[in-house]
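> Need the 3D shape of this:
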Amino acid sequence: MVSTVDKLPKCLYKYESFNTQALENLKAQSVYFASPLGFNDPYDCAIAPHIKEMTDSDVRIMRDACLRDPNIPQMVHAQMQGASLDTLRSQFILSGKRILGDRTQNFAAERGVTCFSECNSDLLMWSHYGGKYKGFCLEFDTSQLPEFRFKKVRYSEELPTIDLLPVVCDEGDADEVMQIYTTKAWAWNYESEWRAFHETAGTLYTYPAAALTGVYFGPDIGQESLEIICLILRGQNNKVRFWRGRRSSTKFRVEFEEIIYVTYLESAQRLCPGEV
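Numbering: from 1, shown residues only. Presented below is the predicted three-dimensional model:
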């Protein structure tokens, strides 16, 4: 689900701490879709949005949609036909807020979300999500992930304003509803985040090996940790490229240099062919 305004980047990045779960996911070529209830920003996916004022035209459209609904009792039909626009407006706002609340609660309880970034070198991202520079960052080719429902995160000083008309009249996840799950406070804008959604929270999605195109290692990752990751990936996709991060000596930033990983056996065979 990518807006026509938001051009999906060719590559997106996912920061990881070096731990058992991250290695298991890497070995399984999987991305975990977590419940938004566990996000670290208390506003994230739990905001109470502003409701856009309903015009007379909006009220008429919503009234006509309700009158076409065969599930509406005949008595309610008659009441709606005789009610003023102001009365209907008040009723529709109340019912719209209830529907919106139900959908947001159901989403938070049932849907899975996984997060990516457009940037692989942000210092705060490495500190918060990359194991305090001891983790790693995965580079994905987004063209190899056609089943992911990507949505760009918007950053704002204001809470989103929701139009109740599509909320009440449309089924499923209308774009108006999705604003709640893809709007964050401006203070988080350094994340340059994109989100992907899954129908079920707590789900591991297995991606094709070709989707993972690179691994960026934090400046403080241990050599053994680095080699473990390289060994895992060499057995899955020998086209994955590896990049070693280092602290810049002149600026507050992480710089990367590509490394060519050679296993011990490969090195020994090159030195002493036929003996290994």
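> what ranges of the stretch 101-250 of the chain fall below the confidence cut-off?
Within the stretch 101-250 of the chain, the set of residues satisfying pLDDT under 70 comprises 170-176.
> Recalculate using a threshold of 80.
Residues of the stretch 101-250 of the chain that meet the criterion pLDDT under 80 lie in 103-109, 166-178.
> ranges for the helices of it?
Along the stretch 101-250 of the chain, the stretches classed as helices by DSSP state H, counting those that start in this stretch are 123-128, 164-169, 175-178, 223-234.
> quick one: buried residues of the first one?
For helix 123-128, a neighbour-count test (16 or more other CB atoms under 10 Å) marks 125, 126 as buried. Where C-beta positions appear, they are placed from N, C-alpha and C, glycine not excepted.
> Name the residues that touch that helix?
15, 117, 119, 132-133, 135, 137, 190-191, 218, 245, 252-254 (CB atoms under 8 Å, 6 or more residues apart in numbering).
> try 10 Å this time
Contact with helix 123-128 is made by 13, 15, 17, 40, 117, 119-120, 122, 130, 132-137, 188, 190-193, 216, 218-220, 245, 247, 252-254, as judged by CB atoms under 10 Å, 6 or more residues apart in numbering.
> of all the helices of the stretch 101-250 of the chain, which lies closest to residue 68?
helix 164-169 (10.2 Å; CB to CB).
> just checking, what packs against the closest one?
Under the contact definition 3 or more CB pairs under 10 Å, 6 or more residues apart in numbering; DSSP states H and E, helix 164-169 sits against helix 56-67, helix 85-110, helix 175-178.
> Buried deepest among the ones you listed, which one?
When you average the neighbours per residue for each of those (mean count of other CB atoms under 10 Å), helix 175-178 leads with a mean of 17.
> strands paired with the helix or strand hosting residue 31, and their directions?
Assignment of secondary structure by DSSP states H and E places residue 31 within strand 30-33. Applying DSSP bridges, strand 30-33 is found paired with strand 203-206 (antiparallel).
> and for the partner strand, what are the contacting residues?
Residues external to strand 203-206 that are found in contact with it (CB under 10 Å, 6+ apart): 24-25, 28-34, 111-112, 114, 145, 147-148, 196, 198.
> what's the answer for stretch 77-95, then?
Residues outside stretch 77-95 that contact it (CB under 10 Å, 6+ apart): 51, 53-60, 62-64, 66-67, 69, 72-73, 164-165, 167-168.
> Output it as CSV, nothing but the C-alphas.
Once side chains and other backbone atoms are set aside, the C-alpha atoms of stretch 77-95 remain, and they are given as CSV (Å, rounded to 0.1, in the frame of the first residue of the first chain):
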residue,chain,number,x,y,z
HIS,A,77,-34.8,4.4,7.8
ALA,A,78,-37.9,6.5,8.5
GLN,A,79,-36.2,8.4,11.4
MET,A,80,-33.2,9.2,9.2
GLN,A,81,-35.3,10.5,6.4
GLY,A,82,-37.2,12.8,8.7
ALA,A,83,-34.2,14.0,10.7
SER,A,84,-32.5,17.4,10.1
LEU,A,85,-28.9,17.5,8.8
ASP,A,86,-27.7,18.8,12.2
THR,A,87,-29.3,15.9,14.0
LEU,A,88,-27.8,13.4,11.6
ARG,A,89,-24.4,15.1,11.8
SER,A,90,-24.3,14.6,15.6
GLN,A,91,-25.4,11.0,15.2
PHE,A,92,-22.9,10.2,12.5
ILE,A,93,-20.0,11.8,14.4
LEU,A,94,-20.8,9.6,17.4
SER,A,95,-21.1,6.5,15.4
